[in-house]
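Trainee: A predicted structure for the sequence below; I have some questions about it.
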Amino acid sequence: MRVSNLNRFLLICISSFSLFSAFAQERLLNEENIQRLQELIDSPVRSTELRERNQYRHPLDTLDFFDVKPEQTVVEIWPGGQSGWYRSILQPYIESFGTYIGLQEDSGFPEPVSQVAANSADRVLVFRAHGFMIYDRPAQDYYDAIFALLKPGGIFGIVDHRGDEAISQDPTGENGYVNQSHVEMLAANAGFVLLAQSEINANTKDSKDYPNGVYSLPPTLRGSLINRSLRARMREIGESDRMTLKFIKP
């Protein structure tokens with residue numbers, strides 16, 4: 001058992017309060033960090049294409065919700081290259097003060113990786129990558145590995161395409177959606193406690209019933225290249241409905 005019954009009870013009490021208040025989010029970061037993040041989010045160094053997605057991905061509110069401070073050790077799982085969407089904000093925000101580590105798909109993760117020692121990370125963040133985690137090996141391996149990377153008290157934050165709970169989770173993740181209950185189960189199995197959830201990245205227009213799954217929506221827009229009316233409808237819906245969950249390692 002990774003945590004005492006008393007500690008787990010206290011964490012559940014904290015989590016219950018956080019879940020109750022998550023819809024009325026107060027700023028966790030100080031004004032200096034908020035201002036710095038906003039400058040990076042709006043920076044012309046980021047391409048126009050990246051900045052156009054700010055409206056869907058709410059990076060300031062999301063990183064504030066995860067309480068990401070520049071002096072921390074922050075690990076991003078599968079961030080993409082140097083122009084990775086969140087990486088283009090996180091890396092310059094952290095690099096002069098703390099440590100940013102982007103674990104690429106070829107890093108060997110979820111096996112132990114040389115870039116990150118066990119019990120050393122303050123934050124481990126996953127943005128829209130969970131669906132890809134479950135193709136080749138059990139998803140639980142990834143959650144257990146994330147748990148191992150974090151310090152006690154460290155935060156695991158995840159934003160991902162939220163599936164329809166009325167439909168059983170597809171273990172292959174072919175449509176790109178992941179049920180929130182599935183994520184919560186995997187995290188709990190690893191030893192995490194759900195600290196808070198937010199609707200920052202929710203999209204009630206997303207019906208989640210498209211021929212090409214989440215990939216029918218922006219930015220992929222699969223299946224509507226020559227169907228202008230369908231493409232216009234997908235653009236009007238916008239990017240997917242997303243869960244935003246914050247877990248703590250006891």
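Mentor: In hand now; what should we look at? Because the structure is predicted, anything quoted here is derived from the model rather than measured.

Trainee: all helices of this structure, in order?
Mentor: Taking DSSP state H, the helices of the chain run over residues 5-21, 31-42, 48-52, 54-57, 59-65, 87-94, 130-133, 139-149, 180-190, 228-237.

Trainee: how far does the last one sit from the chain's center?
Mentor: The gap between the average C-alpha position of helix 228-237 and the chain average comes to 26 Å, counting by Cα atoms, centre = their mean, to the nearest Å.

Trainee: and that helix, what's its mean pLDDT?
Mentor: Averaged over helix 228-237, pLDDT sits at 97.

Trainee: for the longest one, same thing?
Mentor: Helix 5-21 carries an average pLDDT of 47.

Trainee: With stretch 134-148 instead?
Mentor: Here the average pLDDT along stretch 134-148 is 91.

Trainee: so how far is it from its chain's centroid?
Mentor: Taking Cα atoms, centre = their mean, one finds the center of stretch 134-148 at 15 Å from the center of the full chain.

Trainee: returning to that earlier point: including distance to residue 116 and mean neighbour count, could the helices of the chain go into JSON lines?
Mentor: In this view, the C-beta of every residue, glycine as well, is placed from N, C-alpha and C. Below are those laid out as JSON lines (distance: least, Cβ to Cβ, whole Å; neighbours: other Cβ atoms under 10 Å):
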{"stretch": "helix 5-21", "distance to residue 116": "24", "mean neighbour count": "13"}
{"stretch": "helix 31-42", "distance to residue 116": "23", "mean neighbour count": "14"}
{"stretch": "helix 48-52", "distance to residue 116": "26", "mean neighbour count": "13"}
{"stretch": "helix 54-57", "distance to residue 116": "25", "mean neighbour count": "15"}
{"stretch": "helix 59-65", "distance to residue 116": "20", "mean neighbour count": "21"}
{"stretch": "helix 87-94", "distance to residue 116": "14", "mean neighbour count": "21"}
{"stretch": "helix 130-133", "distance to residue 116": "17", "mean neighbour count": "20"}
{"stretch": "helix 139-149", "distance to residue 116": "5", "mean neighbour count": "21"}
{"stretch": "helix 180-190", "distance to residue 116": "16", "mean neighbour count": "17"}
{"stretch": "helix 228-237", "distance to residue 116": "37", "mean neighbour count": "13"}
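
Trainee: Could you dump these into CSV and include distance to residue 174?
Mentor: Shown next, in CSV, are the helices of the chain (distance: least, Cβ to Cβ, whole Å):
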stretch, distance to residue 174
helix 5-21, 30
helix 31-42, 32
helix 48-52, 26
helix 54-57, 23
helix 59-65, 26
helix 87-94, 26
helix 130-133, 9
helix 139-149, 14
helix 180-190, 14
helix 228-237, 19
